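**Q** Coordinates for the following, if possible.
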Amino acid sequence: MPISEHVGKADWKTEKHVPVIECPDKVAPDQIFDVTVMIGKEIAHPNTTAHHIRWISLYFHPEGEKFSCQVARVEFTAHGEGAQGVDTSTIYAHHKATVSMKTSKPGTLYAVSLCNIHGLWESEKRLSVG
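**A** So this is what the prediction gives:
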């Protein structure tokens, strides 16, 4: 069974695990723009030692190309773990990241995230260039 059959997809407005991709719908060719990816925009996702988002990867698949390109991968490593045990630290990473990129071709952005309990989740957003 391919891994794609084990990746969750849903509307991020109703499912707290789905990555949200925020960027312009259309960009100028070869001009740098920001892409923000986050988890839990409408429904908060827990961020505790026991239940958290470990990472988000962002990919871009240019129209007409065979392969996708990984744009960025962000690891979230502070979830309240401390020397005294579970959830004893005051340090928590927030599962949101902004990266800058450019492209001369339209295509599709894909975000994949990993919840330590509920596995992989994916979303996509079409990007126009012109």
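**Q** Can you show me the strands along the chain?
**A** Assigned by DSSP state E, the chain shows strands spanning 19-22, 26-27, 33-39, 53-62, 69-75, 96-101, 107-115, 119-129.
**Q** could you measure the residue of the chain positioned farthest from its centre against residue 5, distance?
**A** Relative to the centre of the chain, and counting by C-alpha atoms, centre = their mean, the farthest-placed residue is residue 84 at 30.7 Å. Residue 84 sits 41 Å away from residue 5, going by C-beta to C-beta, to the nearest Å. For every residue, glycine as well, the C-beta is placed using N, CA and C.
**Q** where does this protein have low pLDDT?
**A** Nowhere does the chain drop to pLDDT under 70.
**Q** again, only this time at 90
**A** 1-16, 40-44, 82-83, 85-88 (pLDDT under 90).
**Q** Neighbours of residue 20, how many?
**A** 18 (other C-beta atoms under 10 Å).
**Q** now swap in residue 104 and tell me
**A** Quick note: residue 104 (other C-beta under 10 Å) scores 11 neighbours.
**Q** which residues does it contact?
**A** Residues in contact with residue 104 (C-beta atoms under 8 Å, 6 or more residues apart in numbering) are 29, 30, 129.
**Q** Many thanks, we can stop here.
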